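**Student:** sharing a sequence plus its predicted fold:
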Amino acid sequence: MPTYYPSFLPTPETSSQYGKRDEIMSYFKRVAKEQIGEHKFLWGVSVASAKFDGSWWALSDASGTTTLRC
């Protein structure tokens, strides 16, 4: 697979040289569960805006109901 993946993470299994969307999402979710912890992720949320104030990012979803600072 030509995309860079850190050597400390498992290599994804894909059906072709370029993984399909579902294969890549499956890989991300597996790594999140096994390596990082699923509780640190929000799946299925589309970011509508991202603003950087010089120190923090503020991410908001399309409905405006979810805002995260990171």
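**Tutor:** Noted; the coordinates are in hand. What you are looking at is a predicted structure, and each value in this text was computed from that prediction instead of being measured.

**Student:** now do the helices in the chain.
**Tutor:** Under the criterion DSSP state H, the chain contains helices at 21-31.

**Student:** low-confidence bits of it, can you list those?
**Tutor:** Along the chain, the parts satisfying pLDDT under 70 run over 1-6, 10.

**Student:** can you give me the strands in it?
**Tutor:** 47-52, 57-61, 67-69 (DSSP state E).

**Student:** take the ones you listed and lay them out in a markdown table including distance to Ile24.
**Tutor:** To be clear about C-beta, it is placed using only N, CA and C from the backbone, and glycine gets the same treatment. Output for the strands of the chain, formatted as a markdown table (distance: least, C-beta to C-beta, whole Å):
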| stretch | distance to Ile24 |
| --- | --- |
| strand 47-52 | 18 |
| strand 57-61 | 21 |
| strand 67-69 | 22 |
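
**Student:** and Phe41, which of the ones you listed is closest to it?
**Tutor:** strand 67-69 (11.3 Å; C-beta to C-beta).
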